[in-house]
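Asker: coordinates only, sequence not included:
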């Protein structure tokens, strides 16, 4: 080998102008200013759903199957309905006609619905159901099982009328157990409240009471018991109320009868002692007396108001109240005006004297009005006394029939009403009326109210489809890996040069076959295109090209990419060197050595850097593939070698011997030595595993490579191990779509 005959120690070097830095082919480089994703949100949504259509279909089918299973596992519920008819209100409607009657009816129906759903009524129903259950258990019990039936008789199982709970309720009850309530009837009341349904039938007088249970017979029993207990309670309340009213009527009858007898006796005695009377004179006297009495009442009211006013004014003066209060109490505009003026000039003595004078005048005026009212009342009372004397005289001369006959008539009507009411109450007590009646009793239903399981399948499929879509959108939103060229460029800030397809196997023989034996394959075309894109535009005028291949982690496929580029570079002519700087040697490198390698080199890369050997002694030839290999010793510290070595001399030696040199650098996340290798290379290729490496990891490692803010050589990213079939589902429209096309 040409490079093996010389040593970097003895070979003289002429001072040369360093060649200009190569730039990545601008024809394949995407502008960094281009947006990462040119798809609209709707297009992205449709693409995501279409790409995961099988997952969505699986979720939809799972939802349908789960809904059908839950529907089959849930027992059917039956609802039995009883109807009651509310009696028309018997109270006479006021002026307003039919609308007022309808209002009374609606108010009565609202009262019944409220009482039906009240807590006290529910407790009464629970107690009655316990009695019914106890009676049924006791009637069906056998003498041999009396000991087993006795506990159930004393404490019936409330689950007999418990409506069926769904499987979800049972699961929640197991996961989140609730504390036992202090009320022993709380569970039964809740079950009864959840299963009962009370409502008015349209705008009629009919109220429907329905109860749902998994047993249709039990549902009818509970609905009928609910209605019967309510009607019995109403009848009992009405009976108690009627009995109380009857007691009051019976207590009032003796006194009414005695009053009627006395009034009748007085009327008869008067008729015997008096003759004909002047009815007109009696009427006039009574009318005048009534009018005079009304005038006296009004005058006394006015007198009382004036006396109260006078007393208030005097009290205010004794308390030295403000002038404004006195002005308000006296009620004269002049005094109010003087009070307002005094508020503006409190030290004005003339104004104070005027105010005192006005107060005295107002007080005198009020006192005069009181005296006038007193005189008026006295005159009216004197007139009343005279008129009373005239009336008394007229009453003495006239017949008392007008005064006695109405009393007898009223007492007679009252007595007859009490007797009639007594008879009615006795009849109502004997046959109490609740005000409502059973229109239709509940019968065990035949058809369940729960939907068949088949009707639960579409909602389940829709719900699970929506859940699947949401999960897909969330996964897409939180997916921080890289999949497309534009996305990689926007995230990393460097051009994305190629997308390398995923190889079926990454061993040496398969890789050689893909790159060299199947040159029309997508993998070979992608690697060759990457080599051409990474080569500088002055490649034809340069002696060699050094390409550094590095990555974030060892799983990103940097070694696979390095060997693929080396195999593709053999087609360009000239010698190709692979420098594997992995500390322990990459698996793929060891496979190439074992399968195609010639005599093993006597020295390593470390010896060559430390001037312990020539380039030829540190290189292992692999003539079958046309590639030379130089590796790092297993115990050597790469950081020390790179820090102390002369990189410019090494690159000059490599340029002088090899056409293409591939530096397989260590991963940047665990081995920061890759930063020193950027100064040795003409181009840096940063391998990022497709849909695997997170963008913040790749961006962080790339920033470490560019620690000083400017790398002296071009840097490009490469997405490795791309699944072309899945990548096509994203519809990104980049170079990976071309690799799926067949070349004929």
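Answerer: Structure's in. What do you need? These figures come from a predicted structure and were not determined experimentally. Numbers count the residues shown, from 1 in each chain.

Asker: Going by C-alpha atoms from here, please, whenever you check contacts or count neighbours.
Answerer: Noted.

Asker: Quick one: the helices in the stretch 601-744 of the chain, in order.
Answerer: 605-609, 638-644, 647-657, 674-677, 695-705, 724-730, 735-739 (DSSP state H, counting those that start in this stretch).

Asker: What's the mean pLDDT across the fifth one?
Answerer: Confidence over helix 695-705, taken as the mean pLDDT, stands at 89.

Asker: Same question for the second one.
Answerer: Confidence for helix 638-644, expressed as mean pLDDT, is 83.

Asker: What residues of that helix count as buried?
Answerer: 638, 641-642 (16 or more other Cα atoms under 10 Å).

Asker: Mind checking the helices of the stretch 601-744 of the chain for the one nearest to residue 80?
Answerer: helix 724-730 (56.1 Å; Cα to Cα).

Asker: And that closest one, how far out from the chain middle?
Answerer: 37 Å (Cα atoms, centre = their mean, to the nearest Å).

Asker: what do you get for stretch 310-324?
Answerer: 67 Å.

Asker: returning to that earlier point: need the helices of the stretch 601-744 of the chain in TSV (columns: distance to residue 716).
Answerer: Formatted as TSV, the helices of the stretch 601-744 of the chain follow (distance: least, Cα to Cα, whole Å):
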stretch	distance to residue 716
helix 605-609	26
helix 638-644	23
helix 647-657	20
helix 674-677	15
helix 695-705	10
helix 724-730	21
helix 735-739	15
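
Asker: Can you check which of those helices gets nearest to residue 188?
Answerer: Across the helices of the stretch 601-744 of the chain, closest to residue 188 is helix 724-730 (Cα to Cα), at 57.7 Å.

Asker: In that closest one, which residues are buried?
Answerer: In helix 724-730, counting by 16+ other Cα under 10 Å, buried: 724, 727, 730.

Asker: Repeat that for stretch 445-455.
Answerer: Buried residues in stretch 445-455, counting neighbours by 16+ other Cα under 10 Å, are found at 445, 448, 453.

Asker: What about those, which are in helices?
Answerer: Per DSSP state H, helices hold the following members of the buried residues of stretch 445-455: residue 453.

Asker: and which of the buried residues of stretch 445-455 is nearest to residue 382?
Answerer: residue 445 (86.8 Å).

Asker: ok, now which ones touch that closest one?
Answerer: By Cα atoms under 8 Å, 6 or more residues apart in numbering, the residues touching residue 445 are 78-80, 216-217, 220.

Asker: Among the residues you listed, name the ones in helices.
Answerer: 216-217, 220.

Asker: Go through those residues and give me the one with the most neighbours.
Answerer: residue 220 (25 neighbours; other Cα atoms under 10 Å).

Asker: Let me know whether it touches residue 440 as I believe.
Answerer: No: using Cα atoms under 8 Å, residue 220 makes no contact with residue 440, being 11.7 Å away.

Asker: Which residue, other than its chain neighbours, is closest to residue 438?
Answerer: residue 84 (4.3 Å; Cα to Cα, 6 or more residues apart in numbering).

Asker: Distance check, residue 481 against residue 110.
Answerer: 65 Å (Cα to Cα, to the nearest Å).

Asker: ah, wrong one, I meant residue 211
Answerer: Computed as Cα to Cα, the residue 211 to residue 110 distance reads 20 Å.

Asker: Also residue 667?
Answerer: 81 Å.

Asker: of these two, who's got more company?
Answerer: Per other Cα under 10 Å, whichever of residue 667 and residue 110 has more neighbours is residue 667, with 25 against 15.

Asker: continuing past the helix or strand residue 411 falls within, what's the next helix or strand?
Answerer: Secondary structure assigned from DSSP states H and E places residue 411 in helix 401-430. Next helix or strand after helix 401-430 toward the C-terminus (DSSP H and E): strand 436-440.
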